[in-house]
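Prediction below, plus the sequence it came from.
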Amino acid sequence: MKGNILTIMRKELARFFKDPRLVITTLILPGLMIYAVYSFMGDGLSTQFSTPDEYVYRVDAVNPSNHIKEYLKLVDFVDMGEVSSYDEGIERLNSNESDLLVVFPQDFDKAISIYSSGKAPNVEMFFNSAQIASAEAYTNMTNILNAFESSISNRFDINNSGREYDLATEKDTTSQVFSMMLPMLLMVFLFSGCMSVAPESIAGEKERGTIATLLVTPVKRSEIAIGKILSISFISLLSGISSFLGTMSSLPKLMGMSAEGMDASAYGVSDYALLLAVILSTILVIVSIISIISAFAKTVKEANTTVLPLMIIVMLIGITSMFGQGAPSEAIWYLAPLYNSVQCMTAIFAFSYSTVNIITTLCVNVSISIVLLIVLAKMFSSEKIMFSK
Amino acid sequence: MNEVLRAEGLKKTFRLSSKQQKIERTKKRKKIAVNGVSFTAYEGEIFGLLGPNGAGKTTTLRMISTLIRPDKGDIIVAGSSAVKEPWEVRAKIGFLTSELKLEDFFTPNYMYDFFSALHGVDEKVRDSRKKRLFEKFGIDKFAEVKIANLSTGMKQKLSLVVSIVHDPSIIIFDEPTNGLDVITARAVTDFLLELKAEGKTIIVSTHIFSLVEKICDRVGIIIGGEMIRCGRTVDIMGDLSLEDRFFEIYRETVGDAE
């Protein structure tokens, strides 16, 4: 019994690992692609929506205030020049010769020195929010003017002592981002990993008539089913790990955070071990489902088409990790396959898992896989399914 | 003579698709492919199933090899029931049909070892048997060439070799020489005679009269899913050639109309 399963697994794995194209497309490319795409997107997002660090904003001013000019010497990123009129300033702004036009009232410096109450002098700033530099110049100048205003009439400060006010730790940031994003991504990776092997291994063999050769040997149908499911699961796991590594290493870039802000090493060995257990049981469920669909299908193409709606469902279930107050704590939720996996992963990433729920999930997933395995073995003995043309 | 295989009242019906119903101009939902076929094969003989295309030869052989289950009847293969203990039967027989393919990705060497392992053949036995069979069919030169790159004839020879990795005492070949060139076909028929000389029981299906005349000790003529005649080839032929006798029987059964 054990020997036959091993023989079948060995053949399935040889089929996969001896084919460099399959290894590259299933194991190496997913992780690499995800890393490249996420890093690129992350870089793209940060350069798209901000100017380079050393950029100096070109600010035009009508009636420039000397006080402000003095104040601006404290910063090195604003270069304020004078224009004679509002019209000239607007023209320069429109032709992108400047980033911002500031119109001070006449005798602004005098007006603020004598101001006590009533209508305050009004500074007007014109900008173009469609230009990143212009929008940033506006925000920066507003901050500068506000700071200047409070420096001349300070009543109170907020958070002005250089202490650490945000109490979120590295762990908190990591858990928040990872528990939101990773469960969904992981589900999709695991599913697409299975999808790239299972239909080929079952529907493909059926389509090419090679499984019939296997069926006339004295090997039990259950042995064929177990051998196939285990080897497909193993390959899917590797594919999932490849995607996972790609994601973990590029997610901080994608989220626009520095490497210190978010760190996968915030999780301990036990966290990763639990995660692996959940992932393994999930893979078994997914592989069993896709295998059954593939056994029904007459061709690989048909199998892939039929599996696709399931992929959408899995994605939708994956998104549940982004809503609500994290994973539910009642054990009953963990009786639903796939949903339980997503919630377990969410809880593990959020450092808030309950052992009972994880054990429930593992038991449910393994039991479901066994039932599906029996179904698959039955299908292998059904002539209607195996020999329908 | 020792009885090795006995088919008892085999019946198999297939459901027709609506398209198929139109083609066959029938409103019947089901088509009876095999209807009450019984026959016996004895140790050390070659038994032939002769009949036109669609007569039910392949369906009968597939029932014997346990790929499909008969609706009625059973096949007793060396004491095991194909219906009740199909895995026992599968261990005792070697089955070859053009529908059974080998994975293109692997080499003849790998496939032979794979199926040997599934049949539980000892490694030493496997290696000596493989060497003999590969040499016999000229596969040895292509042992490490991917099956995808082999010629059709070479693939068929490999399928034949793989079907008997476990040295079964009962060998069932569906149209063994179909699609083979004359040289390969001759090698296969010679091989069947060799196997017979070793005391093995062989069942072949074919529509080639000369093949039956040449190698089959006994023959069963199947027409329209029914066993019309069954007996020693020489007895059935009488003073006619097998071809003439067959058409005589065919006319009696189906009539001249068709």
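All right, it came through fine. A quick note: this is a predicted structure, and the numbers were derived from the prediction, not measured.

So B:F39: helix, strand or coil?
Here B:F39 is strand, with the state taken from DSSP: H, G, I helix; E, B strand; the rest coil.

Was I right to think it contacts B:C230?
Yes. Using CB atoms under 8 Å, B:F39 is in contact with B:C230, at 5.3 Å. No exception for glycine: its C-beta is placed from N, CA and C like everyone else's.

buried residues in stretch A:99-108?
Buried residues in stretch A:99-108, counted by 16 or more other CB atoms under 10 Å in any protein chain shown: A:D99, A:L100, A:L101, A:V102, A:V103, A:F104, A:P105, A:F108.

Sitting in helices, which of those do you find?
A:F108 (DSSP state H).

can you pull out the strands in the stretch 101-250 of chain B?
Using DSSP state E, counting those that start in this stretch, the strands assigned to the stretch 101-250 of chain B run over residues B:170-174, B:201-206, B:218-223, B:226-232.

With respect to chain B, which of the buried residues of stretch A:99-108 is nearest?
Nearest to chain B among the buried residues of stretch A:99-108 is A:D99, at 62.4 Å by CB to the nearest CB.

My guess is the closest one contacts A:F126. True?
No. With contact defined as CB under 8 Å, A:D99 does not count as touching A:F126 (10.4 Å).

between those two, what contacts are shared?
Overlap of the contact sets of A:D99 and A:F126 (by CB atoms under 8 Å, 6 or more residues apart in numbering or on different chains) consists of A:L93.

do you know how far the residue of chain A most remote from its centre is from A:G81?
Largest separation from the mean C-alpha position in chain A: A:I114, at 55.3 Å (CA atoms, centre = their mean). For A:I114, the distance to A:G81 (CB to CB, to the nearest Å) stands at 27 Å.

again, but for B:P168
97 Å.

And the two? Which one has more around it.
Comparing B:P168 with A:G81 by other CB atoms under 10 Å in any protein chain shown, the one with more neighbours is B:P168, at 20 against 11.

buried ones in the worst-scoring helix or strand of chain A on mean pLDDT?
Scoring the helices and strands of chain A by mean pLDDT, DSSP states H and E places helix A:29-48 at the bottom, with a mean of 81. Within helix A:29-48, the residues scored as buried using 16+ other CB under 10 Å are A:L29, A:P30, A:G31, A:I34, A:Y35, A:Y38, A:S39, A:G42.

pLDDT below threshold where in chain A?
A:1-2, A:45, A:48-49, A:255-264, A:324, A:388-389 (pLDDT under 70).

now the strands for it?
A:57-62, A:78-82, A:100-103, A:124-126 (DSSP state E).

Could you list the residues of the stretch 1-150 of chain B in contact with chain A?
B:65-69, B:87-88, B:90-91, B:95, B:99-106, B:110, B:114-115, B:117-120 (CB under 8 Å from any CB of the partner chain).

7 Å instead, please
B:65, B:67-69, B:87, B:90-91, B:95, B:99-103, B:105, B:114-115, B:117-119 (CB under 7 Å from any CB of the partner chain).

ok, back up a step: of the strands of chain A, which stretch is the most buried?
strand A:100-103 (a mean of 24; mean count of other CB atoms under 10 Å in any protein chain shown).

Could you export that one as PDB, keeping only the C-alpha atoms?
C-alpha atoms of strand A:100-103 as PDB (Å, rounded to 0.1, in the frame of the first residue of the first chain):
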ATOM      1  CA  LEU A 100       3.400  78.500  -6.000                       C
ATOM      2  CA  LEU A 101       2.200  82.100  -6.000                       C
ATOM      3  CA  VAL A 102       1.900  83.900  -2.600                       C
ATOM      4  CA  VAL A 103       0.200  87.200  -2.600                       C
END
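
Give the other helices and strands that that strand contacts.
Strand A:100-103 is packed against strand A:57-62, helix A:86-94, strand A:124-126, helix A:132-152, with contacts defined by 3 or more CB pairs under 7 Å, 6 or more residues apart in numbering or on different chains; DSSP states H and E.

Quick check: which of these is nearest to chain B?
helix A:132-152 (53.5 Å).

So which residues of the stretch 251-389 of chain A form helices?
A:269-296, A:300-319, A:339-349, A:355-381, A:383-386 (DSSP state H, counting those that start in this stretch).

repeat for the stretch 101-250 of chain A
A:108-114, A:132-152, A:170-208, A:210-215, A:221-254.

Repeat that for the stretch 1-150 of chain B.
For the stretch 1-150 of chain B, helices defined by DSSP H, counting those that start in this stretch occupy the ranges B:18-23, B:57-64, B:86-92, B:108-118, B:123-136.

Just say which of the ones you listed is most tucked in.
Highest mean neighbour count among those (mean count of other CB under 10 Å): helix B:57-64, a mean of 24.

just checking, what packs against that helix?
strand B:3-15, strand B:30-42, strand B:170-174, strand B:201-206.

mind redoing it with 6 Å?
The helices and strands touching helix B:57-64, judged by 3 or more CB pairs under 6 Å, 6 or more residues apart in numbering or on different chains; DSSP states H and E, are strand B:30-42, strand B:170-174.
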